[in-house]
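Undergrad: Need coordinates for the following:
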Amino acid sequence: MSGNDFTGKTVIVTGGGKGVGLGITHCFLAQGATVIICSRSELASLPEVDGNRAHFVAADVRDVEQINKAVDHVVGTFGRLDVLVNNAGGAPHTDAATASPRFSEKIIALNLLAPLNFAQAANRIMQQQTDGGVIINIASVSGERPSPGTAAYGAAKAGLLNLTKSLAVEWAPKVRVVGITCGMIRTEQAHLHYGDEAGIASVEATVPLNRLATPADIGNACVFMASPLASYISGSSLLVHGGGEKPAFLDAGNAHKS
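TA: Residues are numbered from 1 along each chain as shown. Okay, the predicted model is just below:
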């Protein structure tokens, strides 16, 4: 394989049937990869790019037994596992003062423990392959800054970034473990976080590149990190956030002057 050609390579994308995951799926399909979407609910139709159609395996990523069965099924069917993208995750807006312990446990299980367990299952296979493999953890800027309204989610994503560094050391040199730290992304559920079109436009104005990321932006970053072009990158996370967020004090100071 050279450049970004993934022909003959097998890629699992958790939660790869919608939102950011669908963008990741499309990008790997476009590069010729055999892509397996792993999620709880089967899709009405499988994504396809230029005749290359994704496959599906059902699994709740919070269940270790289901994870192991899914990985064994993929290897048994396609003979190998080259890339795992731990994408499944998320959290609704919740006040930390009133969030129930059970709610917090579920958020941490989905966003931290599930990626760890899936990574372990993938590593078991990749260590046996001559050319190893790549594990990509989809993280968030919420893990690097305060995350009001999604405190447990932010804490889990911070843990995922640290986990990425630790696994990269333990599983080298056969397996590279990397992260994609995502900024704000426009998906079909963007209105739940940013409001109507006017609200989204206002949020976009806070980003130096003046727009939200698209799922394809994240997918392209994943393709790069999984490719030979990134063969010496491990244990680090690529920031994909459009330049970040402008410091609030700048606008506040200018408003005061006017």
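Undergrad: pLDDT below threshold where in this structure?
TA: The model of the chain has pLDDT under 70 over residues 1-3, 188-193, 253-258.
Undergrad: Quick one: distance of the lengthiest helix in it to the chain centre.
TA: Identified as the longest helix of the chain according to DSSP state H is helix 151-171. In terms of C-alpha atoms, centre = their mean, to the nearest Å, the centre of helix 151-171 is set 12 Å apart from its chain centre.
Undergrad: list the helices and strands it packs on?
TA: Packing partners of helix 151-171 (3 or more C-beta pairs under 8 Å, 6 or more residues apart in numbering; DSSP states H and E): helix 101-108, helix 114-126, strand 133-140, strand 175-182. Backbone N, C-alpha and C define where each C-beta goes, glycine included.
Undergrad: chain center to the last one, what's the gap?
TA: Same thing as strand 175-182. How far strand 175-182 lies from its chain's middle: 9 Å, per C-alpha atoms, centre = their mean.
Undergrad: Give me the angle between it and strand 133-140.
TA: Here the directions of strand 175-182 and strand 133-140 differ by 20 degrees (axes from the mean of the first three to the mean of the last three C-alpha atoms, to 10 degrees).
Undergrad: residue ranges of the strands in the stretch 1-150 of the chain, please?
TA: All strands of the stretch 1-150 of the chain, identified by DSSP state E, counting those that start in this stretch, fall at 10-14, 34-39, 48-49, 52-53, 55-58, 83-86, 133-140.
Undergrad: Does anything pack onto the last one? Which helices or strands?
TA: Taking 3+ C-beta pairs under 8 Å, 6+ apart as contact, the helices and strands that strand 133-140 lies on are strand 83-86, helix 114-126, helix 151-171, strand 175-182, helix 215-226.
Undergrad: go on, the fourth one?
TA: Contact here means 3+ C-beta pairs under 8 Å, 6+ apart; on that basis strand 52-53 packs against helix 19-30.
Undergrad: Outside of the helix it packs on itself, list whatever touches it.
TA: Helix 19-30 is contacted by residues 6, 11, 13-17, 35, 37, 39, 47-50, 52-54, 83, 85, 87-88, 138, 182, 185, 187-189, 214-220, 222-223, 226 when judged by C-beta atoms under 8 Å, 6 or more residues apart in numbering.
Undergrad: Name whatever forms a beta bridge with the residue positioned nearest the centre of the chain.
TA: Computing the C-alpha centroid of the chain and ranking residues by C-alpha atoms, centre = their mean puts Ile138 first, at 2.6 Å. Going by DSSP bridges, Ile138 is paired in beta bridges with Ile180.
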